[in-house]
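Undergrad: Give the three-dimensional model of this entry:
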Amino acid sequence: MTRPPVRLSTVVMCHPSRLAGAERVAGECAPLPVRIVRDPEPDGLPSPLRTAKVAWAAVAPGATHHLVVQDDAHLAPGFAGHVTALLERHPDRAVSLSVLWVSPYNSYRVRQAAVGGYAAVRLAPWEWVPSLALALPADTARELAAYLAEFPDDTRDDDEHIAVFCAERGIPVVAPVPHVLDHGMGPSVAGNDHHGIRLAVACAAGPVGTAHWAGPELADPARHGGLGYAVELVASRCHVRIRRSGAQEAAEQPFTWPWRPWSALLGVPHEAVAAAARAAGPPPRALPAEPAGEVWAAGYLLGALTPGAGDDRAEHRRVRDDARAAALRSWITAGLRPDHLAELGAEGCAAAARWAAHAVAAGRAARAAEERAAAYGTGAPAPYAEMPAVRGDSTAAQGAAPAASAGTPPGYGAPRRTGTAGGTREAAARLAAVERMARREARLLLGPAPGELPDVRLKVVPCPEHPGADPALPTRDLPVRWLGEHLSEVAGDSALAVLACERLEPRPLAGLAALVDGGWKGTVETRAATVARLRAAGLRGAALTAAVDDAERRFAAGDGAVVTLPAACRAAGGTPRRLWPHDDPELSADDAHYARLRLRYVRETPL
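TA: Alright, predicted model coming up:
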């Protein structure tokens, strides 16, 4: 049966204060006939939903599809032809014509499609639907209008309601790659300025032929073993965002997992990432060492985790190359801290994007090599099987696999117990404490994450090994919004004590949030802060381990005015360690064993 040609109904939804922008957008839609829909209550509480109700109800008679564009969009040349071709290619779907870089899961999916050479990508059904410009079949648009009418205007976020509408009805949402419009940089009239600059992930840099949209779609991206995830570059740090099927976590919650060691949950051990970086040689001179390592990790994981069966049509190679470059440029711009961006300048940012592209290529090459080995039956391990420690990385065993039985390579099993009977008993007690600590941290990490961290006072403890450490270091790697802004020297009834030279990671702070939100008041110490306090009091060896063990037990019970957060600690640029962020013969001895146990315990729990 031949489908009727696309007859598109188009409206621009606007606030009257931005009528000029709406008129500009209408002109950029030419030759499509466009109507402008105004906010029916412009002096009321800012609410995109209020205007969206009217916009989605305004389907023109005889239309096959309905398009709603917002008044701060900037459309690519030939927009009308692009949207028509896209609706012919995806006639029964929701088509979102642009994804902004503030969408955690969907921005990553677009980057996967861009580096994989796909013309479109299926968006995540659990994240808000990007609605800067969204098209639906006409009957679906009318149904959406009736659905939105049931919600009060003060729920405001139309994109969240649209996501639920599409998910409940099984309507796939796809986005073209590259995008065919971008977002403006003016102030928000809907109260969204807290998101900062919101630009598209991958806009076309040059002309795009409408035949490009006949290319393949990345239909099931960003899944590993059924697990939804995204790789992020935020505040100059690479993290993994995991979609917890058994926990109700907001899509944009800030409590993400650092790539080192948790890329192993996605099948890529962090040793492989580090080894590839060493093989690649030095990063660009303009890029400081720490962000260079994080940019490499983000790019490598993006390449290693992206399916490679994209578009191979030679006539569209330039468009694919442009989309890939745009996706990586926007990652650098959105993902590095402002001070790093200022230090790099335009040339340095371009070099950082090339470094990311180099990492993507390395990740894709590793994936292709593993797939070839598996296909030809060479007996190679499964793609990205866990690796033993890589020489040159003193903390590489952090991501190694759990202990195995016969045939286990050196370094994989539990520490050997040697010495006298008394020494054996002491070692057994120490290892039992290590196991309890690993279980506690696994439980902490696996707890559901709230939307943000409550206000907590930050107490910075001087490091005895680095007395001049900058007290601003502990929070430097945290995104300001939702996390860093809630840690200060004055806010909150409870406090977090940290060692001056350690760097806080987002995910363990979810456990702190749960404790404080539950009504507990007091001081939570990091393990490193607890160890510094106990060592100053003269504790060493088994007595110190037992004291830390007890302080962590009290955290879990909410028992006492001073408790210890059961989470590993990390120095700048380092891999998380069990007790102390620096190399120490006494405190670092069980780090690798602890890391293996922790990874095993996390894996034992369905995510």
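Undergrad: Buried ones in stretch 249-259, by neighbour count?
TA: Buried positions in stretch 249-259, judged by neighbour count with 16 or more other C-beta atoms under 10 Å: 249, 251, 252, 253, 254, 255, 256, 257, 258, 259. All C-beta atoms are positioned from the backbone trio N, CA, C, and that covers glycine.
Undergrad: Format the residues you listed as JSON lines; extra columns: pLDDT, secondary structure and distance to residue 221.
TA: Formatted as JSON lines, the buried residues of stretch 249-259 follow (pLDDT from 0 to 100; DSSP: H, G, I helix; E, B strand; the rest coil; distance: C-beta to C-beta, whole Å):
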{"residue": "249", "pLDDT": "83", "secondary structure": "coil", "distance to residue 221": "20"}
{"residue": "251", "pLDDT": "87", "secondary structure": "coil", "distance to residue 221": "15"}
{"residue": "252", "pLDDT": "88", "secondary structure": "coil", "distance to residue 221": "19"}
{"residue": "253", "pLDDT": "90", "secondary structure": "coil", "distance to residue 221": "21"}
{"residue": "254", "pLDDT": "91", "secondary structure": "coil", "distance to residue 221": "23"}
{"residue": "255", "pLDDT": "93", "secondary structure": "coil", "distance to residue 221": "23"}
{"residue": "256", "pLDDT": "95", "secondary structure": "coil", "distance to residue 221": "18"}
{"residue": "257", "pLDDT": "95", "secondary structure": "strand", "distance to residue 221": "19"}
{"residue": "258", "pLDDT": "95", "secondary structure": "strand", "distance to residue 221": "22"}
{"residue": "259", "pLDDT": "96", "secondary structure": "helix", "distance to residue 221": "18"}
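Undergrad: quick one, what contacts residue 306?
TA: 112, 115, 116, 221, 363, 364, 367 (C-beta atoms under 8 Å, 6 or more residues apart in numbering).
Undergrad: So which of those wins on neighbours?
TA: Neighbour count (other C-beta atoms under 10 Å) singles out residue 115 as the most crowded of the contacts of residue 306, with 28 neighbours.
Undergrad: Next, give phi and psi for that one.
TA: Torsion angles at residue 115 (phi, psi; degrees, to the nearest 10) stand at phi -80, psi -20.
Undergrad: which ones are touching it?
TA: With C-beta under 8 Å, 6+ apart, residue 115 has these contacts: 302, 303, 306, 324, 327, 328, 360, 364.
Undergrad: can you pull the contacts of the fifth one?
TA: Residues counted as contacts of residue 327 (C-beta under 8 Å, 6+ apart) are 110, 111, 114, 115, 201, 202.
Undergrad: rerun that using 6 Å as the cut-off
TA: Taking C-beta atoms under 6 Å, 6 or more residues apart in numbering, we find residue 327 in contact with 111, 114, 201, 202.
Undergrad: now this protein, which segments are flagged as low pLDDT?
TA: Applying pLDDT under 70 to the chain flags residues 1, 184-198, 222, 225, 245-247, 309, 377-423.
Undergrad: pull the longest helix from it.
TA: Determined from DSSP state H, the single longest helix within the chain is helix 338-375.
Undergrad: so how many other residues sit close to residue 523?
TA: 17.
Undergrad: re earlier: reformat the buried residues of stretch 249-259 as JSON lines; add distance to residue 442.
TA: As requested, the buried residues of stretch 249-259 are exported to JSON lines (distance: C-beta to C-beta, whole Å):
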{"residue": "249", "distance to residue 442": "17"}
{"residue": "251", "distance to residue 442": "23"}
{"residue": "252", "distance to residue 442": "24"}
{"residue": "253", "distance to residue 442": "19"}
{"residue": "254", "distance to residue 442": "20"}
{"residue": "255", "distance to residue 442": "15"}
{"residue": "256", "distance to residue 442": "17"}
{"residue": "257", "distance to residue 442": "12"}
{"residue": "258", "distance to residue 442": "15"}
{"residue": "259", "distance to residue 442": "18"}
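Undergrad: Would you state the strands of the stretch 401-550 of the chain in chain order?
TA: 456-461, 487-488, 495-499, 523-525 (DSSP state E, counting those that start in this stretch).
Undergrad: just curious, which of the contacts of residue 306 is nearest to residue 270?
TA: residue 363 (12.7 Å; C-beta to C-beta).
Undergrad: List the contacts of the nearest residue to the closest one once chain neighbours are set aside.
TA: Spatial nearest neighbour of residue 363, excluding adjacent residues (C-beta to C-beta, 6 or more residues apart in numbering): residue 303 at 2.7 Å. Listed by C-beta under 6 Å, 6+ apart, the contact set of residue 303 reads 360, 363, 364.
Undergrad: please redo it, this time with the cut-off set to 7 Å
TA: By C-beta atoms under 7 Å, 6 or more residues apart in numbering, residue 303 lies in contact with 115, 359, 360, 361, 362, 363, 364, 367.
Undergrad: now, among those, which is nearest to residue 342?
TA: Residue 342 has its nearest neighbour among the contacts of residue 303 in residue 359, at 23.0 Å by C-beta to C-beta.
Undergrad: Distance of the nearest residue to the closest one once chain neighbours are set aside relative to residue 231?
TA: Nearest in space to residue 359, with sequence neighbours left out and distances taken as C-beta to C-beta, 6+ apart, is residue 299 at 2.9 Å. Computed as C-beta to C-beta, to the nearest Å, the residue 299 to residue 231 distance reads 9 Å.
Undergrad: hmm, back to that, reformat the contacts of residue 303 as TSV; add distance to residue 528.
TA: Formatted as TSV, those follow (distance: C-beta to C-beta, whole Å):
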residue	distance to residue 528
115	38
359	30
360	35
361	37
362	33
363	32
364	38
367	37
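Undergrad: Next one: the spatially most central residue of the chain relative to residue 266, how far apart?
TA: With distances taken as C-alpha atoms, centre = their mean, the residue of the chain nearest its centroid is residue 232 (3.6 Å). Residue 232 sits 13 Å away from residue 266, going by C-beta to C-beta.
Undergrad: Also residue 334?
TA: 21 Å.
Undergrad: what's the answer for residue 283, then?
TA: Using C-beta to C-beta, residue 283 is found at 23 Å from residue 266.
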